[in-house]
Every structure is written in structure tokens, then in C-alpha cells.
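Undergrad: Structure for this input, please:
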Amino acid sequence: MKTEHYIEKNRVLKPSQDYAFLRAEGLKYIETLSHKLWTDYNTHDPGITILEVLAYAISELGYRTNFNIEDLLANKHGEIKNGTFFSAREILTNAALTNLDYRKLLIDIKGVNNAWIKHHEESKDDLGYYRPLANEVPIYLDVKEDALSLSDTDKDNNSLPRLPIRGLNKVIVELSDSLEYGELNKVSTLYSWSENDQFIEVNIIPEFTAWADEKTSLLKHLNKLTKIGEKTVTIIDNLLNVTLKRKTDPTQTLAFTIVPYDITELAALKTHFEEDNPILDVIEIFIGKKEAFHTTLTQIKENLYAHRNLTEDWLCIAIVSAIDIAVCADVELETTADAEEVMAKIEQAIDSILNPPIRFYTLNQMLDKGFGPKEIFSGPKLEHGFLIDEEVENTKLPTCIHASDIIATLMDIKGVK
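TA: Residues are numbered from 1 along each chain as shown. As a prediction, the model looks like this:
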């Protein structure tokens, strides 16, 4: 059907678009409010001129606001790009301030599984305040000289009191497992290969215990055959030791302890690592693991210093060390229970007790859980979704594990009698 567009000859204007109506209404107000002082309402009067300009401006606004709201806000492509609105992420979030805010910022970093911030020691001083964390460089207070000192004694060799520095925070992080290098919280690594249709896996523990150790610099000085002067492979106490000497400086050595999962494979391990390529592969794995670790650590530092509050600083970043825990339990099942299914639920339950998971949620998931926009967007801006405050707060660094907690959780599993 063809639509005809036309302009009516005798249009009926809305009051907000009718200039004559607005001028007349304005004049009525003037006559009512100031008729004792103002009697000349002709067009030459400056006050009437101001009234006419106001009536024209209102009619123009009335004309524009009569458009459809879609046409006022969006362009012809339906996009709002005129800065009219701000997203909830822009106006409801805030800069990091609380302990929880900083934990969320760190957990949001790719490669960080969980994080904690320690602001002070658990003990209190004589005034009832928590004692501050010990600063890396001790600073002492010289009252007589009215100065700070790096020495613990004054010029007369009298002891100086140490200055407690508040606002230094210790950051503790648990790194996520890398698909390529495994656990980044450990310097040790798993290594596997197939030999004669047999799958062999070992745990390789390097001589250094932390990536900050100076020994790690030797990795890039021993990653080629031309750089290795001597290699010794020996079996000691059911373990395989591999020691490498640097060719240009034989005093520089790097040792690896290879722990087999099956000690009957020790002879095969020795034969395998006496070859050149396997140990070079291991060194490349450690080099890659070190780089992945430092990449994540750099992101953590940049994020922390980008959101550092006034009078606060970061004392150090510590990595959570993994501890192996064995759980032995006798479980009686219901007669109709599926043993494999119950076993899987038991393992998941124990894992959630020892290491409670932190999940990111989408906006729709948060809304479905009953959270409102104010709760959802509270805290700093996150890149990977939304975190629930209670779940983050519940993942504390444990100091002990109670068997009763595990038993109570297992009893709640369907199929456990």
C-alpha cells in the first residue's frame, strides 16, 4: 500500500511548539506579576524581546523533542555514539580500595588462580595496634640527631629503636597451571616420553629452589651442546642425578634430580638421559617455565602499582607453595549407589575443601542468582567477568585442615551411607 506524505494546511500545534501561544502565556505571567511596575508590553520593549526569544527557544525544543526517542539518541545505523549514556561498568565500578578489591584485581590477571594481601602481623603492640610487617630495609630512629638512620646504632654506639613502617603490604599469589609447563608455583616440572611402546613420566627437580635464584641464569648458558663442557649421570638412592658443567667456565655447574614414578625404570632413565637431546629438551622446558612465570609476575606488579593507594606500597610478592596431602577414608555406600559416580563426587568434594574454587560469572548468571546491578558492578573493573564477594572471601589461606569438615561434606553426598 502506497503511503502518502503531506503537510496539513491548518496544522494543530502542540503547546510546546506554538510560538504565539507561548508568547501570549508569557505575557499573561508578566501582567500578573509586574503590572504595577511594567505597563509597556509593545514589541519595542527589551523585556518583550527577551520573552519572544524565550518563546522561540521553547518552540524549537518542543519541535526537536517531538521526534521519536530512537531518532534522538541513535544514528541511522541504530548506534548511540553521542556520549548520551554511560555503561554500568563505567559509572558503578570504583577504584580498588579494600582488601577484597585488590584480591579481585589480582585474580582477574591471566595466570593468577588466587591472591591474598597481608597488611600486618597477627600480633599487637602495647597500644593494641597490629604490628606492621617488617620492611625489607630496616630503618632506625635517631632521636638525638632528629634523623632517620640505616644503622642500628648512633655515633656513640648506642642502640637505636627501629621505626615501624605501616602501609607496606605483602602480596601472596597462587599461580594457575600452565597447559605447556604445568604448575608455575613449583620450579620442578614433569617430563614424559614414550619408549618401546611404554609411557614413562618423571618429576625433575632443579638445583635452584626459586626463579629468583642466580643459578637460573645458567639455563641459557647450557641450552646447547656447544655450551656444555661435561655431563655426568648417576643413580643415587633410587634417584637419577644429572650434573652439567659450563664449557667456558667449568666451575659453574647446574644439577637436576630426576624422580621416577617407577623405580624399576631407573636403568632406562639413565640410558635415556645419557643421550644429549633429552637434557637439552629439559633445559628448554625450564627456560620456558621461567619466562612464563616472570611474564605473570610482571603483570601482577604492573597491576598493583597502577592501583596503589597513597601512603601504601607493596613489600614483596610471595608465591604459594603446593603441599601434597593424602586423604584415606573408608566409605560405606547405599546399596543402590553408583560407586564410580560417588567416588568422583567424593574427590570433587575433597578438592573443594582443600582448595575452594573461584569462578567468574557472566552478567546474566549474576542476574539469575538474584544480584542487582549495584552489587554486580561494585568494586574495580574486571576483564574476565564478575566475582561473588562471598566466594572470594571464603578462599582463605588455610592453616589447618579438620577431618570433621571432610566427613561432614562426604556425608552430604548422595549415595554415601
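
Undergrad: Show me the contact partners of the lowest-mean-pLDDT helix or strand in the chain.
TA: Taking mean pLDDT, DSSP states H and E as the measure, the helices and strands of the chain show their lowest mean at helix 69-73, namely a mean of 82. The contact list for helix 69-73 (C-beta atoms under 8 Å, 6 or more residues apart in numbering) reads 64-65, 78, 80, 82, 84-85. The way it works is simple: take the backbone N, C-alpha and C, and place the C-beta from them, glycine included.

Undergrad: try 6 Å
TA: Applying C-beta atoms under 6 Å, 6 or more residues apart in numbering, the contact partners of helix 69-73 are 80, 84.

Undergrad: buried set for the helix or strand following it?
TA: Per DSSP states H and E, the first helix or strand lying C-terminal to helix 69-73 is helix 88-91. For helix 88-91, a neighbour-count test (16 or more other C-beta atoms under 10 Å) marks nothing as buried.

Undergrad: So which elements touch the very next helix or strand once past helix 88-91?
TA: Remark: after helix 88-91, the chain's next helix or strand is helix 99-107, criterion DSSP H and E. Packed against helix 99-107 by the contact rule (3 or more C-beta pairs under 6 Å, 6 or more residues apart in numbering; DSSP states H and E) you find strand 112-118.

Undergrad: okay, the strand it packs on in PDB with CA atoms only?
TA: What follows is strand 112-118, C-alpha atoms only, in PDB (Å, rounded to 0.1, in the frame of the first residue of the first chain):
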ATOM      1  CA  VAL A 112      46.700 -16.000  38.700                       C
ATOM      2  CA  ASN A 113      44.400 -18.500  40.400                       C
ATOM      3  CA  ASN A 114      44.000 -16.800  43.700                       C
ATOM      4  CA  ALA A 115      45.600 -14.000  45.700                       C
ATOM      5  CA  TRP A 116      45.800 -12.700  49.300                       C
ATOM      6  CA  ILE A 117      47.200  -9.500  50.800                       C
ATOM      7  CA  LYS A 118      48.700  -9.300  54.200                       C
END
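
Undergrad: what mean pLDDT does it have?
TA: Average pLDDT, strand 112-118: 93.

Undergrad: Check the offset of the least confident helix or strand of the chain from the chain's centre.
TA: Here helix 69-73 shows a centroid-to-chain-centroid distance of 39 Å under the convention C-alpha atoms, centre = their mean, to the nearest Å.

Undergrad: residue contacts, residue 132?
TA: Each residue near residue 132 by C-beta under 6 Å, 6+ apart is listed here: 120, 164-166.

Undergrad: And the buried ones among these, selectable in ChimeraX?
TA: Here is the ChimeraX command that selects the buried residues among the contacts of residue 132 (16+ other C-beta under 10 Å):
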select :120,164,165
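
Undergrad: of the contacts of residue 132, closest to residue 311?
TA: Minimum distance to residue 311 across these is 8.3 Å, recorded for residue 166 (C-beta to C-beta).

Undergrad: Now the phi/psi pair for the closest residue to the closest one other than its chain neighbours, please.
TA: Closest residue to residue 166 apart from its sequence neighbours, by C-beta to C-beta, 6 or more residues apart in numbering: residue 132 at 4.5 Å. Here is the backbone geometry of residue 132 (degrees, to the nearest 10): phi -70, psi 160.

Undergrad: How about the contacts made by residue 313?
TA: Shown in contact with residue 313 (C-beta under 6 Å, 6+ apart): residue 168.

Undergrad: repeat that for 7 Å
TA: 167-168 (C-beta atoms under 7 Å, 6 or more residues apart in numbering).

Undergrad: returning to that earlier point: any chance of TSV for the contacts of residue 132, columns distance to residue 358 and secondary structure?
TA: TSV is the format used below for the contacts of residue 132 (distance: C-beta to C-beta, whole Å; DSSP: H, G, I helix; E, B strand; the rest coil):
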residue	distance to residue 358	secondary structure
120	24	strand
164	33	coil
165	31	coil
166	29	coil
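
Undergrad: Would you point out the most distant pair within the contacts of residue 132?
TA: 120 and 165, at 11.0 Å, using C-beta to C-beta across the contacts of residue 132.

Undergrad: burial count for residue 208?
TA: As a burial measure, residue 208 scores 19 neighbours (other C-beta atoms under 10 Å).

Undergrad: Repeat that for residue 245.
TA: Residue 245 has 16 neighbours, counted by other C-beta under 10 Å.

Undergrad: Begin at 31, not 1, for the rest of this chat.
TA: Yes, from this point I'll number from 31; that puts the last item at residue 275.

Undergrad: On the three-state scheme, it is what?
TA: Using DSSP: H, G, I helix; E, B strand; the rest coil, the structure places residue 275 in strand.

Undergrad: Run the angle between the helix or strand containing residue 333 and strand 142-148 for me.
TA: Following DSSP H and E, one finds residue 333 within helix 306-336. Interaxial angle, helix 306-336 versus strand 142-148 (axes from the mean of the first three to the mean of the last three C-alpha atoms, to 10 degrees): 50 degrees.

Undergrad: May I see the buried residues of the helix or strand hosting residue 373?
TA: Using DSSP H and E, residue 373 sits in helix 369-384. For helix 369-384, burial by neighbour count (16+ other C-beta under 10 Å) applies to 372, 375-376, 379-380, 383.

Undergrad: With just CA atoms, put stretch 99-117 into CSV.
TA: Output in CSV follows, covering the C-alpha atoms of stretch 99-117 (Å, rounded to 0.1, in the frame of the first residue of the first chain):
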residue,chain,number,x,y,z
ILE,A,99,13.4,8.8,21.1
GLU,A,100,15.2,6.3,18.8
ASP,A,101,15.9,9.1,16.3
LEU,A,102,17.1,11.5,19.1
LEU,A,103,19.6,9.0,20.6
ALA,A,104,20.8,6.9,17.7
ASN,A,105,22.2,7.5,14.2
LYS,A,106,20.8,5.9,11.1
HIS,A,107,22.5,2.7,11.9
GLY,A,108,20.8,2.4,15.3
GLU,A,109,24.1,3.1,17.2
ILE,A,110,24.3,5.5,20.1
LYS,A,111,27.6,7.3,19.7
ASN,A,112,26.9,10.7,21.0
GLY,A,113,28.0,10.2,24.6
THR,A,114,24.4,10.3,25.9
PHE,A,115,24.7,7.3,28.1
PHE,A,116,27.4,5.6,30.2
SER,A,117,27.5,1.9,30.8
